[in-house]
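predicted model and sequence below, questions to follow.
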Amino acid sequence: MEPFQYFVPSSSMKIPRPSNRMPHLIQLRNLKMASSAHAYVRGSTVQFYEWLHSQRGCRLPHGPEIWICGDCHAGNLGPTGDLRGRIDMYIRDLDQTVIGNPAHDLVRLALSLATVARGSDLPGVIIARMLEGIMLGYEYAFKDKQDKAALRPSQVKVAMHSSIEQTWKNLARKRIENTRPTIPLGKHFWSLSQAEKIALQTLCSSYEIHQLVNSFKGRHKDAKIKLLDSAYWVKGCSSLGLLRYAVLLGIGDKDDQRYCLIDIKEAVAATAPYIVKSNMPRDNSYRVVEGARHLSPGLGERMRATRFLDHVFFVRELLPQDMKLKLDELSETYAIYAAGYLASIIGIAHARQMDRDTRKDWMAVLQENRSKQLDAPSWLWTSVVQLVGNYEQGYLNHCRRYALKC
């Protein structure tokens, strides 16, 4: 195998047996993380917090104790639909959500965008302006009156317009490569063990799944639900190696049957630091769902916590409108506007959890340690500069270690 070539099952390569998935998933995860510096940032949350809290001469502000994303890189934000068919920009990946320090989300986003900017060969001054944009966008979200649409860069507006136009057929083509009621095995979907098939059949017959699926606008609350197909889902980066399943359901009678795709993902302990003496659920599946309901209500109301096969999972139906923002390349102007806008999404998610006095106090803390040269606090600039250096070294070492194994 050539270095950095993805592991892709083909007609000449057997799909791994359920008992032998792990080596292939680890290999795929290493390959994905080696594909770009930004991919390495996305896939190394553990290192992020280790490096962040080992920095010298940089002390993060202690914000109010609220639900945070915990892994707030740019790829975890995007257009997301709710139960009533409305579309908005949300934090859309909450695996790492905890009750913690909101400053962690700001640093994670800033590092992510700085890495994309470096990959786009933008000058350092633009990264400095992006950090200013992050602070301005985040603080704007705490104002009593906001115009979220006014902040959206043109590329984001295009993405949201495209999201609104998505249909089930679009989702099927992107996710399962088929509009028929089957999930074809191959690159993205692998076969299940008999125990997994039985457990998924039992889960999809449960009241909680019926209630979730039939809560969407336009569906009858008593519509019949039938499991049509299921598979192990090879998806994500840092989460590769966790149990994850795709389930295709039929809703209603055969003559007028609709389809939906369910994402069932194992919930594990969060890497993000959390407030020990908080009311955060200790069950990881309930932690993820509760965090989603606070940070991204339109997504949280579409999620459920469950347990089977001696593991805990969170479940959600995927909508055609759920999309990732593509930020592989940034122009100088778009980089600054995108930074401000994405930070405002995080700010809105944080601000809705605070009363007016708490918001005011947090904004006062964020105004500290600013210089005349850079309208961003010194702790944010110092954190990003040091982390970029850590990640450059970590990424190159990761690539070297992987290349030697190929």
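That came in fine, so what should we check first?

now the helix or strand that V312 is a member of: mean pLDDT?
Per DSSP states H and E, V312 falls inside strand 311-318. Strand 311-318 carries an average pLDDT of 94.

how about whichever helix or strand comes after it: buried residues?
Moving toward the C-terminus from strand 311-318, the next helix or strand (DSSP H and E) is helix 332-351. When burial is assessed from 16 or more other Cβ atoms under 10 Å, helix 332-351 yields the following buried residues: 334-351. Placement of C-beta: from N, CA and C, glycine included.

which strands and helices lie in contact with the helix or strand just after helix 332-351?
Using DSSP H and E, the helix or strand that follows helix 332-351 in sequence is helix 356-366. Judged by 3 or more Cβ pairs under 8 Å, 6 or more residues apart in numbering; DSSP states H and E, helix 356-366 is in contact with helix 124-140.

repeat that with 10 Å
helix 103-119, helix 124-140, helix 332-351 (3 or more Cβ pairs under 10 Å, 6 or more residues apart in numbering; DSSP states H and E).

so how far is that helix from its chain's centroid?
27 Å (Cα atoms, centre = their mean, to the nearest Å).

quick one: it to helix 332-351, angle?
Orientation check (axes from the mean of the first three to the mean of the last three Cα atoms, to 10 degrees): helix 356-366 against helix 332-351 gives 140 degrees.

and helix 356-366, what's buried?
Residues of helix 356-366 classed as buried by neighbour count (16+ other Cβ under 10 Å): 359, 362, 366.

need the contact list for the closest residue to V312 other than its chain neighbours.
Closest residue to V312 apart from its sequence neighbours, by Cβ to Cβ, 6 or more residues apart in numbering: S285 at 3.9 Å. Neighbouring residues of S285 by Cβ atoms under 10 Å, 6 or more residues apart in numbering: 265-268, 303-307, 311-315.

which among those gets closest to D222?
Nearest to D222 among those: R304, at 18.3 Å, using Cβ to Cβ.

if we can go back for a sec, closest one of the buried residues of helix 356-366 to S36?
L366 (30.9 Å).

how far away is the closest one from V247?
Using Cβ to Cβ, to the nearest Å, L366 is found at 43 Å from V247.

just H210 next, same as before
Remark: distance between H210 and V247 (Cβ to Cβ) = 13 Å.

just M22 next, same as before
Per Cβ to Cβ, M22 is found 22 Å from V247.

repeat that for T306.
Distance from T306 to V247, by Cβ to Cβ: 12 Å.

please enumerate the shared neighbours of these two.
The contact lists of T306 and V247 share 203, 209, 264, 315, where a contact means Cβ under 10 Å, 6+ apart.

let me have these in TSV, extended by neighbour count, secondary structure and distance to Y49.
Shown next, in TSV, are the shared contacts of T306 and V247 (neighbours: other Cβ atoms under 10 Å; DSSP: H, G, I helix; E, B strand; the rest coil; distance: Cβ to Cβ, whole Å):
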residue	neighbour count	secondary structure	distance to Y49
L203	22	helix	33
I209	22	helix	34
I264	23	strand	27
V315	23	strand	27
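
can you give me the strands for the chain?
With DSSP state E as the definition, the chain shows strands at residue ranges 66-68, 77-81, 87-91, 98-100, 189-190, 225-233, 244-251, 258-266, 303-308, 311-318.

switch the helices and strands packed on helix 356-366 over to JSON lines; also include distance to Q55 and mean pLDDT.
What follows is the helices and strands packed on helix 356-366, written out as JSON lines (distance: least, Cβ to Cβ, whole Å; pLDDT from 0 to 100):
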{"stretch": "helix 103-119", "distance to Q55": "10", "mean pLDDT": "93"}
{"stretch": "helix 124-140", "distance to Q55": "16", "mean pLDDT": "92"}
{"stretch": "helix 332-351", "distance to Q55": "21", "mean pLDDT": "91"}
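
tell me which of the ones you listed lies nearest to V388.
Nearest to V388, of all the helices and strands packed on helix 356-366, is helix 103-119, at 5.8 Å by Cβ to Cβ.

check which helices and strands that closest one is in contact with.
Helix 103-119 packs on helix 37-42, helix 45-52, strand 66-68, helix 124-140, helix 332-351, helix 356-366, helix 378-405, going by 3+ Cβ pairs under 10 Å, 6+ apart.

quick one: that helix to helix 332-351, angle?
Orientation check (the same axes, to 10 degrees): helix 103-119 against helix 332-351 gives 170 degrees.

which one of the buried residues of helix 356-366 is nearest P61?
Closest to P61, out of all of these and judged by Cβ to Cβ, is L366, at 6.9 Å.

show the pLDDT at the closest one.
91.

quick one, helices of the stretch 151-300 of the chain?
154-164, 168-171, 194-204, 207-213, 284-295, 297-300 (DSSP state H, counting those that start in this stretch).
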